[in-house]
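**Q** Got a predicted structure here, sequence first:
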Amino acid sequence: MSHSLSLLFYVKKSKADEHGKANIYLRLTLDGKRAECSIHRKVKLSEWNSKTQKALGNSLASQEMNREISIIRNRIYSIQQNYQRENISYTAFDLRDTYLGKDKTKKMLLEIFQEHNDEVDSLVGKDFAAGTAERYRTCKKHVAAFVKQKYKRNDIPVQEVDHKFITGLEYYLKTTRKCAHNSAIKYITNFKKIIRIAHANDWIDKDPFLHWKGKLKVVEREFLTEEEIQKIIALEFRMERLEQVRDIFIFCCFTGLAYADVKKLNRGDISTGNDGEEWIKTKRSKTDTRSNIPILPIAKTIIAKYQDNELLKEKDLVLPVLSNQKMNAYIKEIATLAGISKNLTFHLARHTFATTVTLTNGVPIESVSKMLGHTNLKTTQHYAKILDMKVSKDMAILRDKFKPKD
């Protein structure tokens, strides 16, 4: 692999000492990227020729200085030849570090990623949710495929990751992998953690994410209206599985539980509160934050419907939840039967709870945030646009009051 290497010896005039002497620095530029170091020699500014990059005059001190510069120059080119002879990929930082005797064993990008993922996997259920571990595994697969496509290699040194790599990965995710903008940005953010680990461990000199800005686009969250909820409730099924999926979906519409949380919901998560009513008190799988949710009448009816299920009793679970894939497939079938054209997913039940069931009915956003188990009120504010519907309804009532009477 051919590389364009240039060396520059120079002094920093602004850093000259009281005797007019300044350190001599070496700048290595390889394929447009720079690495610098001091050669630990000083020279008087009046005795330095910046054009020839040498000390002026024929004094013994000048001759010795110029000899040393020549030796350093030859040493750098020799190091480069060794890298090329052994067919090892290298950067300007590698040449500099080898010259300084600080050559480290190269850390490979995907090796670091795998080490991180192994650590996350071992902490699932303690510090990380299973979904987080899965997302990092998927992110690594995308990065590995990008490296294979762009570099025709199975792995690259982490030092080769730069701003161009990051923007290239983002483009790859959006085009080749067909990721939506927000999905691509989230994968890049996962990847950013790996690079930050490399930077913290001094495996790279600069953080290539320094000038990368990834902004998520605001997504309009779909939800069901009261009428659509009633359409689904009113459906009658011949297939028991469809009825179970409908019940669990409606249960989540009135509790705000996500799929992972309703799947693990056990009888011990239901208790009587200070108000004498039943509450769901559980920790969210995603964030490990506590959710306290009062059980509304329709949710209570659904719990009662399955309380004698022997299989659920054995597992101490509340509802017969299928795999996420099957739940989503069945819920789309249910939408068709109910004549609902929206792209129904199981997670849409959580959006429906936040909007139609709570915010629209005047529940304060702080209370909704607590029930949803959000760690940040800003997350809940994504749903706040629905309040416009409530304002519209409230104003309609007000208009009626102010209508002129005949």
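**A** Everything's here; your move. Numbering: from 1, shown residues only.
**Q** Please enumerate the helices of the stretch 251-400 of the chain.
**A** 259-263, 297-305, 310-315, 324-338, 348-352, 365-372, 377-381, 387-402 (DSSP state H, counting those that start in this stretch).
**Q** Tell me which of these is the most buried.
**A** helix 348-352 (a mean of 24; mean count of other CB atoms under 10 Å). In this view, the C-beta of every residue, glycine as well, is placed from N, C-alpha and C.
**Q** hmm, back to that, as CSV, the helices of the stretch 251-400 of the chain with mean pLDDT and distance to residue 281 would be great.
**A** CSV is the format used below for the helices of the stretch 251-400 of the chain (pLDDT from 0 to 100; distance: least, CB to CB, whole Å):
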stretch, mean pLDDT, distance to residue 281
helix 259-263, 89, 12
helix 297-305, 92, 14
helix 310-315, 87, 19
helix 324-338, 92, 24
helix 348-352, 88, 18
helix 365-372, 77, 11
helix 377-381, 64, 19
helix 387-402, 69, 27
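**Q** Would you convert those helices into a markdown table that also reports distance to residue 128?
**A** Listed next are the helices of the stretch 251-400 of the chain as a markdown table, based on distance: least, CB to CB, whole Å:
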| stretch | distance to residue 128 |
| --- | --- |
| helix 259-263 | 13 |
| helix 297-305 | 29 |
| helix 310-315 | 24 |
| helix 324-338 | 18 |
| helix 348-352 | 21 |
| helix 365-372 | 20 |
| helix 377-381 | 19 |
| helix 387-402 | 34 |
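**Q** what pairs with the longest strand belonging to the chain, and is each one parallel or antiparallel?
**A** Ordering each strand of the chain by length in residues (DSSP state E) puts strand 33-44 first. Pairing partners of strand 33-44, with direction, according to DSSP bridges: strand 21-30 (antiparallel).
**Q** tell me the domain boundaries of this protein?
**A** 5-100, 109-200, 226-394 (automatic domain parsing).
**Q** Would you reformat the ones you listed as TSV and include distance to residue 208?
**A** Putting these into TSV (distance: least, CB to CB, whole Å) gives the following:
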stretch	distance to residue 208
domain 5-100	11
domain 109-200	5
domain 226-394	28
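**Q** worst average pLDDT in those domains?
**A** Among these, domain 226-394 carries the lowest mean pLDDT, at a mean of 85.
**Q** closest one to residue 24 among the helices of the stretch 251-400 of the chain?
**A** Proximity to residue 24, assessed across the helices of the stretch 251-400 of the chain by CB to CB, is greatest for helix 377-381 (52.5 Å).
**Q** tell me how far the longest strand of the chain is from the chain's mean position?
**A** 39 Å (CA atoms, centre = their mean, to the nearest Å).
**Q** which element follows that strand toward the C-terminus?
**A** strand 48-49 (DSSP states H and E).
**Q** Give the other helices and strands that that following strand contacts.
**A** strand 54-55 (3 or more CB pairs under 8 Å, 6 or more residues apart in numbering; DSSP states H and E).
**Q** can you rerun that using 10 Å?
**A** Applying 3 or more CB pairs under 10 Å, 6 or more residues apart in numbering; DSSP states H and E, we find strand 48-49 packed against strand 5-11, strand 21-30, strand 54-55, helix 60-85.
**Q** Could you name the helices and strands sitting against the shortest one?
**A** The elements that strand 54-55 packs onto, with contact taken as 3+ CB pairs under 10 Å, 6+ apart, are strand 33-44, strand 48-49, helix 60-85.
**Q** Okay, buried residues for the helix or strand hosting residue 186 please.
**A** In the assignment (DSSP H and E), residue 186 maps to helix 181-200. Within helix 181-200, the residues scored as buried using 16 or more other CB atoms under 10 Å are 184-188, 190-192, 194-195, 197-199.
**Q** same thing with stretch 277-297?
**A** 278-280, 282, 284-285, 291, 293, 295-296.
**Q** still on that earlier bit, with distance to residue 108 as new columns, can the buried residues of helix 181-200 be given to me in TSV?
**A** Listed next are the buried residues of helix 181-200 as TSV, based on distance: CB to CB, whole Å:
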residue	distance to residue 108
184	24
185	25
186	24
187	20
188	20
190	18
191	15
192	18
194	12
195	13
197	13
198	10
199	16
